[in-house]
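> need a structure here:
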Amino acid sequence: MFSDLSGYLLELREAFSHHIVFGVGILLMGSYFMGRLAEKVRLPAITGFILAGLLLGPSCIGLVHEDLDETLATITEVALALIALVIGSEFSLRKLRSIGKPVVIITLFQLFGAFILVTTGLVVAGMRLEFAAILGAIASATAPAATVAIIRELKARGPFVDHLYGIVALDDAGCVLLFATITAIAGNSLGSATGLAHSVFHAVIEIFSSLVLGAIAGLFLHLLTRRRRRVNEILIISLAVILILSAVSNSFHLSALLASMAAGAVLANLSGKTLRIVNTLDLISPPLYAAFFAIAGTELNMAVLTSPHILLLGGIYVLARAAGKVLGVHIGASVSHSDSLIKKYLGYGMLPQAGVAIGLVLFLDTMPYFAINHSITTTMINIVLFSVLVNELTGPPLSRYAVVHGATLK
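Next up, the predicted model:
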């Protein structure tokens, strides 16, 4: 009788697991409950979303079938476009002038510190330079959500908090630029045998074209929304422009991330109403981001994570990234003559890693070389997801330690 019931449940699973609407629905439901559970044990909801995808995906229960990967990639593409637009909207010239030179210096040192140490560590471990450099670029990303939540919880203030906010604002934008540059060079290098100079030339053309296309889209979106007052109109127009921009970028083999970021930057500098567009898009963000992180979880292969090779590479990635962030902040603070508390503690606030890193590694599936060579893509995705799980477990306590010791508490 038990075997009959088991067989019936397996048939039922097979009937539903191939259905895209069921897949998205069950991922959202699982994300909600796992997100709540994560928050109860003082972890970011994002960690719960990833675990929900892992449990519901092919590696565990199998309610979301692996055949849905290509269809679910559409949600990833839309979420990434929104994330990039929001990052770009932080790039107003007025805001950049107010941030100050020390913040820019510290940002650059910790960003390139993580990139160089992770790339070097992975190459020494035997990974091909192109793949190691891409993972190094992804390693430079920082997830601000956990740190910002801690700052608000502790009601912290002072120069330490000001520096932390400024670095976080610049870091993800710098990471996207670095990633776009490295993937453009690596993509051309992997896809042809014409040499490094040819790859760099094509990368420059790709980056420039992406920025120009994004700037045009940003101007177009500004013109279409500047006289609109109703939220539903702004939402429809904004989402339409973002989707079209992403599709056109991918069709012409340009960087959809850079294009969306450029659109956000143009909006931020053309009008003071940019925040209105960002806030309007926030109406659809929660379910989109929940599905996005859950989809990332479905990519996490438990069998691969038991591989000593993956654990070695993932361990190198985590440790080298942490060293690059902490040492980069320390050296940058020394060069910019920042406060000793900033030099000593701020680096620990840069360790959490989540949304942007996951988005960037999933973006590899849209590149021709990685779409064909799925095994290396799976390896890179698992390394990043392993890092995210480790950093989302250890990062928040270390961020709290940094804020408690570095900031002024009420």
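> any idea which helix or strand carries Gly126?
Taking DSSP states H and E as the definition, Gly126 sits outside all helices and strands.
> how close does it sit to Ile116?
As defined by CB to CB, to the nearest Å, Gly126 lies at a distance of 18 Å from Ile116. C-betas here are computed from N, CA, C, even on glycine.
> Now do the contacts for Lys343.
With contact set as CB atoms under 8 Å, 6 or more residues apart in numbering, Lys343 has these partners: 329-330, 333-334.
> My guess is Ile138 contacts Phe179. True?
Yes: Ile138 lies in contact with Phe179 (CB atoms under 8 Å); the separation is 6.3 Å.
> what about the stretch 51-200 of the chain, any weak spots by pLDDT?
By pLDDT under 70, the low-scoring segments of the stretch 51-200 of the chain are 65-72, 87, 90, 95-99, 144-154, 169, 187-200.
> Let me see the ranges of the strands in it.
With DSSP state E, counting those that start in this stretch as the definition, the stretch 51-200 of the chain shows strands at residue ranges 156-157.
> Just list the residues touching the residue most central in space within the chain, thanks.
What sits nearest the mean C-alpha location of the chain, by CA atoms, centre = their mean, is Val356, with 0.9 Å. Contacts of Val356 were listed using CB under 8 Å, 6+ apart, and they are 83, 87, 141-143, 172, 175-176.
> between those residues, which is nearest Met380?
Ala141 (14.1 Å; CB to CB).
> List the contacts of the closest one.
Per CB under 8 Å, 6+ apart, neighbours of Ala141: 171-172, 175, 353, 356-357, 360.
> Next, format the residues you listed as a markdown table and append distance to Gln110.
As requested, the contacts of Ala141 are exported to a markdown table (distance: CB to CB, whole Å):
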| residue | distance to Gln110 |
| --- | --- |
| Asp171 | 7 |
| Asp172 | 12 |
| Cys175 | 11 |
| Gln353 | 13 |
| Val356 | 15 |
| Ala357 | 15 |
| Leu360 | 17 |
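> The residues you listed in helices, which ones?
Mapping these onto helices (DSSP state H) picks out 171-172, 175, 356-357, 360.
> Poorly predicted segments of the stretch 301-410 of the chain, please.
In the prediction, the stretch 301-410 of the chain carries residues with pLDDT under 70 at positions 301-305, 354-355, 366, 368-369, 371, 392-393, 396, 408-410.
> Tell me where it has strands.
When assigned using DSSP E, counting those that start in this stretch, the strands of the stretch 301-410 of the chain occupy the ranges 408-409.
> all helices of it, in order?
302-305, 308-335, 340-345, 355-363, 368-372, 374-406 (DSSP state H, counting those that start in this stretch).
> which of those helices is buried the deepest?
Most buried of these by mean neighbour count (mean count of other CB atoms under 10 Å) is helix 355-363; its value is a mean of 26.
> Compute the inter-axis angle for that one and helix 374-406.
In this structure, helix 355-363 runs at an angle of 170 degrees to helix 374-406, with axes from the mean of the first three to the mean of the last three CA atoms, to 10 degrees as the basis.
> which ones are touching the nearest residue to Ser336 once chain neighbours are set aside?
Here the nearest residue to Ser336 in space, its sequence neighbours aside, is Pro102; by CB to CB, 6 or more residues apart in numbering that works out to 3.7 Å. By CB under 8 Å, 6+ apart, the residues touching Pro102 are 163, 333, 336-338.
> Now the buried members of these.
In terms of neighbour count (16 or more other CB atoms under 10 Å), the buried residues within those are 163, 333, 336, 338.
> Of the residues you listed, which pair is most distant in space?
By the measure CB to CB, His163 and Ser336 form the most distant pair in the buried ones among the contacts of Pro102, at 9.7 Å.
> which residues do these two both contact?
Residues touching both His163 and Ser336 comprise 102, 106, with contact defined as CB under 8 Å, 6+ apart.
> what do Ile138 and Phe179 both touch?
Contact criterion CB under 8 Å, 6+ apart; residues bridging Ile138 and Phe179 by contacting each: Leu360.
> of the two, who's got more company?
Between Ile138 and Phe179, counted using other CB atoms under 10 Å, Ile138 has the larger neighbour count: 31 against 28.
> residues contacting Gln353?
Contacts were defined as CB under 8 Å, 6+ apart; by that measure Gln353 touches 139, 141-143, 321, 387-388, 391-392, 395.
> got it, and Ser338?
With contact set as CB under 8 Å, 6+ apart, Ser338 has these partners: 102, 106, 163, 332.
> What distance do you get for the closest residue in space to the second one that isn't next to it in sequence to Thr107?
The shortest distance from Ile106 to any non-neighbouring residue, by CB to CB, 6+ apart, is to Gly332 (3.6 Å). Applying CB to CB, one obtains 7 Å for the distance of Gly332 from Thr107.
> Also Val329?
Noted for Val329: a distance of 9 Å to Thr107, by CB to CB.
> shared neighbours of the two, anything?
The overlap between the contact sets of Val329 and Thr107 (CB under 8 Å, 6+ apart) consists of Ile167.
> picking that back up, can you name the two of the ones in helices among the contacts of Ala141 that sit furthest apart?
Counting by CB to CB, the most remote pair of the ones in helices among the contacts of Ala141 is Asp171 and Leu360, 13.0 Å apart.
> what is the orientation angle of the helix or strand where Leu258 lies with helix 355-363?
Leu258 is part of helix 256-270 when elements are defined by DSSP H and E. Using the same axes, to 10 degrees, the interaxial angle of helix 256-270 with respect to helix 355-363 works out to 140 degrees.
> for the next helix or strand after helix 256-270, packing partners?
The C-terminal neighbour of helix 256-270 among helices and strands, as given by DSSP H and E, is helix 274-281. The criterion is 3 or more CB pairs under 8 Å, 6 or more residues apart in numbering; DSSP states H and E, and the helices and strands that helix 274-281 contacts are helix 69-88, helix 196-225, helix 231-251, helix 256-270.
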